[in-house]
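# Sequence plus the predicted model coming up.
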Amino acid sequence: MTHEIVVHVWSDIACPWCWIGKQRLEQGIEQSGQQVAVEYHSYQLYPEAPSSAPASYIESLAGIKNLDEAEVRSMVESVGEVAREEGLTMDWDRAQHVNTFEAHQFVYAAKAHGSTAEEAAELGTAAFERLYRAHFTEGLNISDTDTLLELAEEMGLDVEQVEDELESGEHANAVRGDIRDARSLGIQGVPFFVVGGKFGISGAQPPEVFAETINRAVDELRYAQAQEVPVEGAPADPEA
């Protein structure tokens, strides 16, 4: 696909609104009618979450937000209703509170299978989608290497290559770099979208917002490119 602009997305697999935002972005791209590449970047909402002995998502969120479990359940079930409107299923009784650092490395391992920048971006997008479903719908432990390798096989990736990269931590610095970039951009929450390198969108906005912003970014890019093209037959500068 030849794209006109790139949308950069900072997202965390532990963030339900990020999954919703992903669906709405894709709808917005379709509505815009533009050729858009999407590049996903890592972010961690809960960097202190456990990598082993995963806990209940609701119990853990109650502790983090200092709320009782009934309040948290009501809150996440409201999010689940919004997700259902987007065709997504979130099973809060199965979802586990785990560290997403290795899952983000898995995304980069998937990207490494692309032979071009666009293929890499598409594989990263597919990896995020699969991880969201594994985390929120299937209740899988996405901090577990064996689980990630099963997902790699399902996605048709080279499992041995992915295993080597996860065990060596080959992509750990790329994940940390994404998080540093987010801080430098002033991103304090996700999802966050940078459209065409010019416009920022915070949160899972309606598809129309994405479509309008994409079209505006493309229009501005085309205008800038047109200004760089010399006009044939323009009068010579009399002072030249």
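Noted; the coordinates are in hand.
# Show residues contacting the helix or strand of the chain with the lowest mean pLDDT.
Least confident helix or strand of the chain, by mean pLDDT, DSSP states H and E, is strand 55-56 with a mean of 86. Residues outside strand 55-56 that contact it (CB atoms under 8 Å, 6 or more residues apart in numbering): 96-97. For glycine as for every other residue, the C-beta is placed from the backbone atoms N, C-alpha and C.
# following it, which helix or strand shows up next?
Downstream of strand 55-56, the first helix or strand assigned by DSSP states H and E is helix 57-65.
# longest single helix anywhere in this structure?
Taking DSSP state H as the criterion, the chain has its longest helix at helix 207-227.
# At which residues are the helices of this protein located?
Taking DSSP H as the criterion, the chain carries its helices at 16-32, 57-65, 69-85, 101-111, 117-132, 145-154, 159-168, 172-184, 207-227.
# Quick check: which of those helices is nearest to residue 195?
Across these, residue 195 has its closest neighbour in helix 207-227 (4.9 Å, CB to CB).
# sorry, back to before: right, and the helices of the chain - which one's nearest residue 3?
So among the helices of the chain, helix 117-132 is nearest, using CB to CB, at 7.0 Å.
# pull the CA atoms of the closest one into PDB?
The C-alpha trace of helix 117-132 is given here as PDB (Å, rounded to 0.1, in the frame of the first residue of the first chain):
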ATOM      1  CA  ALA A 117       8.500  -0.600   6.700                       C
ATOM      2  CA  GLU A 118       4.800  -0.900   5.800                       C
ATOM      3  CA  GLU A 119       4.800  -4.700   6.200                       C
ATOM      4  CA  ALA A 120       6.400  -4.200   9.600                       C
ATOM      5  CA  ALA A 121       3.800  -1.700  10.700                       C
ATOM      6  CA  GLU A 122       1.000  -4.000   9.500                       C
ATOM      7  CA  LEU A 123       2.400  -6.900  11.500                       C
ATOM      8  CA  GLY A 124       2.700  -4.600  14.600                       C
ATOM      9  CA  THR A 125      -0.900  -3.700  14.200                       C
ATOM     10  CA  ALA A 126      -1.900  -7.300  13.900                       C
ATOM     11  CA  ALA A 127       0.100  -8.200  17.000                       C
ATOM     12  CA  PHE A 128      -1.600  -5.500  19.000                       C
ATOM     13  CA  GLU A 129      -5.000  -6.800  17.900                       C
ATOM     14  CA  ARG A 130      -4.200 -10.400  18.800                       C
ATOM     15  CA  LEU A 131      -2.800  -9.300  22.200                       C
ATOM     16  CA  TYR A 132      -5.900  -7.300  23.000                       C
END
